[in-house]
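Asker: Give me a 3D structure for the following:
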Amino acid sequence: MLNLPEFGVAGQEARVTALVDQAIAAVGTDRFNHVWTVDGLLPTLDELRQPFSWIRRLPA
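Answerer: As a prediction, the model looks like this:
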């Protein structure tokens, strides 16, 4: 479990960094970069709150 600040810019940056790190670890850099070019693969607001649900639907 990550110990991240919950509020403010530092907290947001820490959560975004953790999300990106987790996604890249799961699918690799090339597939992660591909996500931003395909409709329907961008994370939803709910998935941003629950990153593993987004990572599970990324193409391997």
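Asker: Centre-most residue in the protein?
Answerer: Within the chain, one residue has its C-alpha closest to the average C-alpha position: by C-alpha atoms, centre = their mean, that is Leu19, at 3.4 Å.
Asker: Please identify the helix or strand for that residue.
Answerer: Under DSSP states H and E, the secondary-structure element containing Leu19 is helix 8-27.
Asker: Just the buried residues of that helix, please?
Answerer: Buried positions in helix 8-27, judged by neighbour count with 16 or more other C-beta atoms under 10 Å: 14-15, 19, 23, 26-27. For every residue, glycine as well, the C-beta is placed using N, CA and C.
Asker: Can you get me a residue count around Ser53?
Answerer: Other residues within reach of Ser53, judged by other C-beta atoms under 10 Å, total 13.
Asker: what's the spacing between Asp30 and Ser53?
Answerer: Distance of Asp30 to Ser53, computed by C-beta to C-beta, to the nearest Å: 22 Å.
Asker: How about Asp46: what's its closest non-neighbour residue?
Answerer: The spatially closest residue to Asp46, leaving aside those adjacent along the chain, is Ser53, at 7.3 Å (C-beta to C-beta, 6 or more residues apart in numbering).
Asker: what are the phi and psi angles of that neighbour?
Answerer: Backbone dihedrals for Ser53, given as degrees, to the nearest 10, come out at phi -70, psi -40.
Asker: what do you get for the one 5 residues further on?
Answerer: Backbone torsions for Leu58, taken as degrees, to the nearest 10, come to phi -70, psi 140.
Asker: Could you measure from the nearest residue to it once chain neighbours are set aside over to Val35?
Answerer: Distances taken as C-beta to C-beta, 6+ apart place Val27 nearest to Leu58, at 5.0 Å, with adjacent residues excluded. From Val27 across to Val35, the span is 8 Å (C-beta to C-beta).
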